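Peer 1: when you get a sec, could you give me coordinates for this:
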Amino acid sequence: MHGITKMINHIHIILILNFVSITTAFAQSLDNKLISNNKNNYETIVKDAENGNAEAQKNLGNLYVLGKDVAQNYSEAAKWYLKAAEQGIVEAQYDIGLMYSEGKGVPQDNSEAVKWFRKAAEKDHAKAQFYLGVMFDAGKGVPQDYHEAAKWFRKAAEQGLGEAQFNLGNLYYDGRGGVQDYNEAIKWFRRAAEQGDSQAQNILALSYEKGTGVAQDYSEAIKWYLEASEQGLAEAQYNLGNMYLSGTGVPQDYNEAGKWFHKAAENGLAMAQFNLGDLYLEGAGVLQDYNEAVKWFTKAAEQGFADAQYNLGTMYDKGMGVTQNKSEAIRWYRKAAEQGHADAQYNLGVMYHKGDGVPQDDSEAAKWLLEAAEQSDSNAQRNLGILYGLGNGVPQDYVMAYMWFNLSAAQGNTKAIELREALVKEMTPDQISEAQKLAREWKPKVK
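Peer 2: Numbers count the residues shown, from 1 in each chain. Model prediction:
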């Protein structure tokens, strides 16, 4: 059986900025305006709005959105924003665009959202330009068009909007639209990062860590990861933890790694939960605690993280931090195996072969061993060879048995070498030649 999967050191990065929530967007755009609105008499605003005063209509929409002096009512807000927008009030055009984009107060309608964002964007409203760029980037309400997305992101970015600077940087970083330019990407990421955009800080740090678009500089990477981490960005906290885990740019420090993994884990990041679980499993930077390891593996596993599902299966299999439970082990091995986790596929195959926690079934064993063997797992290749040699769960086939023994042996599996040599005595020269040809032409499955 294969054992625990160790900590991963994958960089985690957010590359697409999705819509902020309607409430957040309005809270950001309306808080300042409502200071002056609250000095006005509500009845006066209503009267002026009903008489067609566009500013009053916009202000009445504001009041309904935030529930100031009136019960919160998105439908009423949308009604008054629309009236103001139709009279050319730019802020109302932007606000009604937001409402259509999220279906608040009106049926969700991306085409209508685009229409109103465009009207405001053409009058240099930076956030409307940004959201119009998002719509083109995602193909919402318009055909996907990265060039148009870049055009509108740039207009907003040049007005200093951090979100737009970040997204424009992403377009250049990914090469969406056909033009990959790391220098341009870094330029815009830096502008957004210097305004405090945590996602931009994270990707700028990554760029310094990997030397992408800038000279590799671990000190700068640490600086920007720390800036983003202190703002609570889980991905940056995880990345900073990995720097301490590997001793990259800083002295290796499992305590610091654990500190940042814990923060990211508490923020719900599955990779951090997995790594934190592994620290508790190994007692690295924390007191060894199998119960805590199980706790964090479970959190990551429930998010679908295959390595955590596999490790949790192993904990149940061996009774580490939990009561031994073969059925639970099978359940978690299966979840990981179905995602292509080779070690989980191997363990699942072995358990079916032995009837350990499941009814004995060599057909199922062969199925899962094949999945792992095709990913170059040498033990799975060896065991699959045994099943072919005996005809258990698969038709007896010495050629296939030899092929799998040969592939396993090529990776240094001594037991496979012994089995191959024993099998040769039962085979004809033609069978051996065919098996060697199959092994020579075999290609591993790409996960």
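Peer 1: below-threshold pLDDT in the protein: ranges please.
Peer 2: Scanning the chain with the threshold set as pLDDT under 70 gives 2-40, 447.
Peer 1: show me what counts as buried in stretch 134-148.
Peer 2: The neighbour-count check on stretch 134-148 (16 or more other CB atoms under 10 Å) flags Val134, Met135, Phe136, Asp137, Lys140, Gly141, Val142, Tyr146, Glu148 as buried. Glycine gets a C-beta too; all of them are placed from N, C-alpha and C.
Peer 1: what of stretch 304-320?
Peer 2: 305-317, 320.
Peer 1: name the residues that touch that stretch?
Peer 2: 1, 3-5, 8, 270-271, 273-274, 277-278, 281, 290, 293-294, 296-301, 321-322, 324-326, 328-333, 335-336, 339-341, 343-344, 347 (CB atoms under 8 Å, 6 or more residues apart in numbering).
Peer 1: and those, which of them are in helices?
Peer 2: 270-271, 273-274, 277-278, 281, 290, 293-294, 296-301, 326, 328-333, 335-336, 343-344, 347 (DSSP state H).
Peer 1: return the members of those classed as buried.
Peer 2: By 16+ other CB under 10 Å, those give 270-271, 273-274, 277-278, 281, 290, 293-294, 296-301, 328-330, 332-333, 335-336, 343-344, 347 as buried.
Peer 1: gap between the two ends of stretch 190-207?
Peer 2: 11 Å (CA to CA, to the nearest Å).
Peer 1: I'd like the distance from that stretch to the chain centre, please.
Peer 2: Distance of stretch 190-207 from the chain centroid (CA atoms, centre = their mean, to the nearest Å) equals 18 Å.
Peer 1: swap in stretch 68-75?
Peer 2: 37 Å.
Peer 1: before we move on, the earlier item: now, the buried residues of stretch 304-320 that are in strands?
Peer 2: Residues of the buried residues of stretch 304-320 located in strands (DSSP state E): none.
Peer 1: quick one: the helices in the stretch 1-150 of the chain?
Peer 2: Using DSSP state H, counting those that start in this stretch, the helices found in the stretch 1-150 of the chain span residues 22-37, 42-50, 54-66, 74-86, 90-102, 110-121, 126-138, 146-158.
Peer 1: compute the inter-axis angle for the fifth one and helix 74-86.
Peer 2: Translated: helix 90-102. With axes from the mean of the first three to the mean of the last three CA atoms, to 10 degrees applied, the angle from helix 90-102 to helix 74-86 works out at 130 degrees.
Peer 1: how about the shortest one?
Peer 2: If you take the same axes, to 10 degrees, helix 42-50 sits at 50 degrees to helix 74-86.
Peer 1: now the angle between helix 54-66 and helix 42-50, please.
Peer 2: Going by the same axes, to 10 degrees, helix 42-50 makes 120 degrees with helix 54-66.
Peer 1: now helix 42-50: buried residues?
Peer 2: Ile45, Val46, Asp48, Ala49.
Peer 1: contacting residues for the first one?
Peer 2: Ile45 makes contact with Asn37, Ala56, Asn59, Leu60, Leu63 under the criterion CB under 8 Å, 6+ apart.
Peer 1: swap in 7 Å and give it another go.
Peer 2: Residues in contact with Ile45 (CB atoms under 7 Å, 6 or more residues apart in numbering) are Ala56, Asn59, Leu60.
Peer 1: kindly report the same for Leu423.
Peer 2: Counted by CB under 7 Å, 6+ apart, Leu423 has contacts Gly389, Tyr398, Ala401, Tyr402, Phe405.
Peer 1: kindly report the same for Gly389.
Peer 2: So Gly389 contacts Tyr398, Ala401, Leu423 (CB under 7 Å, 6+ apart).
Peer 1: closest to Val446 out of those?
Peer 2: Comparing these against Val446 with CB to CB places Ala401 closest, at 24.9 Å.
Peer 1: who touches that closest one in this structure?
Peer 2: Gly385, Tyr388, Gly389, Leu423.
Peer 1: of the contacts of Gly389, closest to Ser246?
Peer 2: Closest to Ser246, out of all of the contacts of Gly389 and judged by CB to CB, is Ala401, at 41.7 Å.
Peer 1: and the gap between that closest one and Lys437?
Peer 2: Using CB to CB, to the nearest Å, we find Ala401 at a distance of 15 Å from Lys437.
Peer 1: who wins for proximity to Ala366 among the helices of the stretch 1-150 of the chain?
Peer 2: helix 126-138 (44.2 Å).
Peer 1: relative to helix 90-102, how tilted is that closest one?
Peer 2: Going by the same axes, to 10 degrees, helix 126-138 makes 30 degrees with helix 90-102.
Peer 1: contacts made by helix 126-138 with the rest, please.
Peer 2: Contacts of helix 126-138 (CB under 7 Å, 6+ apart): 19, 94, 97, 101, 110, 113-114, 117-118, 120-121, 141-142, 144-146, 148-149, 152-153, 155-156, 159, 161, 163-164, 167.
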